[in-house]
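Starting from these lines, generate the structure:
(2 chains)
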Amino acid sequence: MEDQRIVDLYWERSETAIKETQKKYGKYCRYIARNILHSDQDAEECENDTYLHAWRAMPPHKPSVLSTFLAKITRRLAFDRYAYAHAEKRVSAATLVLEELSECIPDTTGDPADELALRTALNGFLASLPERERIVFMRRYWYVCPVRDIARDMDLGINNVKVILMRTRNQFREYLVKEGIVI
Amino acid sequence: MKKKKMLDMMNLADDRFIGEAAPRVRKKRTNWRRFALVAACICLMLTGVNLLLFLPYSTTPPDVSAYRSSDYYPLIEKLNVYTYEAPKYKNNFDKWTNAIEDMFLAGSGTSEPVFAPGAPSPDGEMNNGTAEGTGKYEEVTDNQVAGVIEADLIKRSDEYIYYMSRDGYLYVYAIDGENSKWLNSIRISNYPKESFSGMYLSEDCKTIIAIGSLEGNTVLHTVAVNGSVLQREKTVTVTGRHSSSRMINGELLLLTKHTVYKKDIDFSQEESYLPQITVEDESHSISADNIYAPDKISNLQYTVIYKLDGKTLAEKDTAAFLSYSDIFYVNKTHIYATHRYTETTDSKSWRTSEVKTEIICISYTGEKFTPVGSVTLNGFLHDQYSMDEYNGVLRVVTSTDKDSWQTGPWHGSFGDLPEELHGERSANLYCIDLSTWEIAGKVIGFAPQGEQVESVRFDGDSAYVCTAVVVTMTDPVFFFDLSDLNNITYKDTGVIEGYSSSLVNFAPGYLLGIGQVDRNTLKIEVYEESERGVVSVEKFEMFAEGYATDYKAYYIDRENGLIGFAAYSYGDSLFEEAYNPCRYIVLQWENEQLIEVLNVGIHCSPNDARGFYADGYYYVPDRVSLAAQPLSSKDISLTGEMPTQVDVISSHGQQYTFTSDAAGKVADYLSGLSLEWLFDDTPDHYNGTTWTIMLSYEDGKQIILYHRAEAFIRREDGDWYKIVWHNGVPMYFSNFLTELQDSITS
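Numbers count the residues shown, from 1 in each chain, chains lettered A, B, ... in the order given. As a prediction, the model looks like this:
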């Protein structure tokens, strides 16, 4: 079913909306959640929470791209649950991602940038990247995909992916410094 | 905290970037790279297999352009094409499938170069003999061309006979009538395996050159002659097996055969494909200018012609003919070499195969051999006598050999001939103008269909040809008048029994034919050209299980009308020594009759027998003895008249009286006896039946003959003659009388 029709079902408060959403994007949401939480059970719970949040969000929201709308919900829920579980677990994939992202934090001081500046900076940076590097970056730091999964899906070597990530992180950091963004 | 902020910051990414990076729900992504690799490997394998199975074998000869700078390059190209074997199969697949099928169905040279003039013969053996003085040279060989001497087993001067045996012994006999005797003999070669084919005696009678063959090479031996004194001088060996030779004006032309073998040919090694000349251990190839090869080679045999000094054997020049046959004609100025080949042509649904002969002419009278011209004729030549040069015209007789058959699918049974097969077998005569090398006159297909040339002889403006179908033993003889090449006419004998393997111009208007009636009957026949045509006027036949097939073994004396030859018949052991049945017979042509005037036993084979007539005696040397006999007809020869009555009484009292035809039959029987007057037996020692035969003639004359022991006969008190056979077949006289009586009474 097309995304627009599924959205219409939400607006019609039809129960089939959840059903159709699960049918089309269930695996997608579980994938995102599993990458962050590394637990099928937690990922499933996260998936279900996503449908609940989507039911609540539509209306008033009427996303044009339903997949990314759901992905954001799932990601946020997954990280929330991750943060809750983090105190009890020593290392996880999300931890590693966070560690890597921390390399991008520039050593600048000053007032932290607001959300708009951050959005502009981030999207400006992403737009400046070649497609391949951008996808790798997003897969790693938005979807929290393991490096080997990224390598397999992109037909790249693992080392190649790691190098791309390292370079893009450095480029992001320099970009943020150039833009004067303070985190 | 800042880390969390970074994490949250990622949430601010645009949807399009999120969607772009969204992991697709994957079906397993096709690994195109691996797929392409596997596909490439499979393609390579298939290509390799296809190439291995179906790559066509090369159907062109190997490239020899590397030898382009060689003087022999034109020859190399011809040899390369000839020696190339086109593959039997198209490719490996074809080959292997046929091999599998067969399993189920289930079988130049390189002579050592040798030419060593000047090498002394071992020991320089000398044999003194008993008499000195050289004598005057006398020609005893019936050479094809006057002045062009051919080697022979016998040569002579007016005083001495020199006879050579095939195993290399040279004998000297004195010519002295009934006092003739053996004087000396030497062994020419130290090698028992060396065989000899002939010799030359120099004009001054001081040098003999003997020609031997040993291990594929030709060996020339010079012997110094001083009457009966013989001394071996030197030995010269040349490359190639001896084929023929001629001596002209003190120069020896020697023809040898040198074969190269396909498997040995390596164009980077000249000795593997070219005849070599070796002088004092140094070898060199015959120069390219002196090698003649036809456009289409038909075999890998060179005929090498050496021109040597007739005494010292020093080399003067050499020429080689590749693919040329054994048939050469040599006259005083030219050598004619022949190359026989088959030409195949295709037209529509027919294929024609025809034998042709290319004749090339070389002049040898200058310092070097020089090509003069060539011509190609239909058919093939029988022998050297099939060519003759006369007054600027080359006359050639050939036999046609041509077949045509339909090509296309053959639906017959294995072994059958194609339904449509046409063959032409006949004979042709060509006259070639040697100034233009164009055919100036010809007669095509003059022989009856199916007949081919058996013998040829040219004599001035005349040509004599005998053709035959050998299987059926019949022949006509043709007389050609070549005086007007624009109007060549001929007559023939019609079909007559037997055929002549040699034709000899014997006497003016008479031609002698030597051949056979059937497998065991030799015939000597005389033909006369007359207004009636060509007729046989006399024929001598004798039963013989073997007779000479070498023309040189026949002695032809035109001046005295003598024909000498040898033959053998095992006959009856009472008359013949079982191990030495060979006899030498001389016939005399007199009053249009062939009369036997000599019959002696000899110790050699018919082809090695030689004899000649001089000063009233006929000489027949061999390796054991010399027969020197006066020629005379049998003393018992009857008058030729028919007796009116014949009375026969035996020593045991048997009596017969014959009259009329029967009396004539007795006279014919007695006339048909072959007699020998030189024998070792003593008739008086024989106790067998003696028949007294009284022949009475119309004029009252009487002749008495005594026939003893079925072995001897004499006329009245004359000399005894030993009976050899009757008409070639021994027959007891007593049996003859009994049968004759029985035929009368019945």
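
what sits up against the helix of greatest length in chain B?
As assigned by DSSP state H, the longest helix anywhere in chain B is helix B:32-54. Contacting residues not belonging to helix B:32-54 are listed as A:155, B:91-93 [Cβ atoms under 8 Å, 6 or more residues apart in numbering or on different chains]. Where you see a C-beta, it was placed from the backbone N, CA and C, and this is true even at glycine.

will you turn these into TSV that also has pLDDT, neighbour count and distance to B:Asp152?
As requested, the contacts of helix B:32-54 are exported to TSV (pLDDT from 0 to 100; neighbours: other Cβ atoms under 10 Å in any protein chain shown; distance: Cβ to Cβ, whole Å):
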residue	pLDDT	neighbour count	distance to B:Asp152
A:Asp155	90	11	99
B:Asn91	88	15	59
B:Asn92	89	15	59
B:Phe93	89	14	62
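
could the residues you listed go into a markdown table alongside distance to A:Cys104 and secondary structure?
Shown next, in a markdown table, are the contacts of helix B:32-54 (distance: Cβ to Cβ, whole Å; DSSP: H, G, I helix; E, B strand; the rest coil):
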| residue | distance to A:Cys104 | secondary structure |
| --- | --- | --- |
| A:Asp155 | 26 | coil |
| B:Asn91 | 68 | coil |
| B:Asn92 | 67 | helix |
| B:Phe93 | 68 | helix |
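
now the helices for chain A?
When secondary structure is read from DSSP H, chain A shows helices at A:3-11, A:16-37, A:40-57, A:66-86, A:93-102, A:115-128, A:131-141, A:147-154, A:158-179.

Would you mind listing the buried residues in the third one?
It refers to helix A:40-57. By neighbour count with 16 or more other Cβ atoms under 10 Å in any protein chain shown, helix A:40-57 contains the buried residues A:42-51, A:53-54.

Tell me who's in contact with B:Asn11.
Applying Cβ under 8 Å, 6+ apart to B:Asn11 gives the contacts A:72, A:75-76, A:142.

near chain B too, which of those?
Among those, the ones lying near chain B by Cβ under 8 Å from any Cβ of the partner chain are A:72, A:75-76, A:142.

between those, which is nearest A:Ile150?
Relative to A:Ile150, the closest of the ones next to chain B among the contacts of B:Asn11 is A:Trp142; by Cβ to Cβ it sits at 11.7 Å.

on that earlier part again, max pairwise distance over the ones next to chain B among the contacts of B:Asn11: which two?
Most distant of those, by Cβ to Cβ, are A:Arg76 and A:Trp142, 11.3 Å apart.

quick one: pLDDT of the residue in chain A that chain B sits nearest to?
Nearest residue of chain A to chain B: A:Met138, at 3.4 Å (Cβ to the nearest Cβ). As predicted, A:Met138 sits at a pLDDT of 93.

and the closest residue to it other than its chain neighbours, how many neighbours?
Once flanking residues are discounted, A:Met138 sits nearest to B:Ala21: 3.4 Å by Cβ to Cβ, 6 or more residues apart in numbering or on different chains. By other Cβ atoms under 10 Å in any protein chain shown, 24 other residues sit near B:Ala21.

got it, and B:Met199?
Each residue near B:Met199 was counted by other Cβ under 10 Å, and the total is 24.

surely it meets B:Ala151?
Yes - using Cβ atoms under 8 Å, B:Met199 is in contact with B:Ala151, at 5.9 Å.

what do those two both touch?
Counting by Cβ under 8 Å, 6+ apart, the contacts common to B:Met199 and B:Ala151 are B:Ile211.

Once you drop chain neighbours, what's closest to B:Trp691?
B:His707 (4.2 Å).

show me what contacts the one you found?
Residues near B:His707 by Cβ under 8 Å, 6+ apart: B:690-693, B:713, B:733.

any idea which of these is closest to chain A?
For the contacts of B:His707, the nearest to chain A is B:Phe733 (122.5 Å; Cβ to the nearest Cβ).
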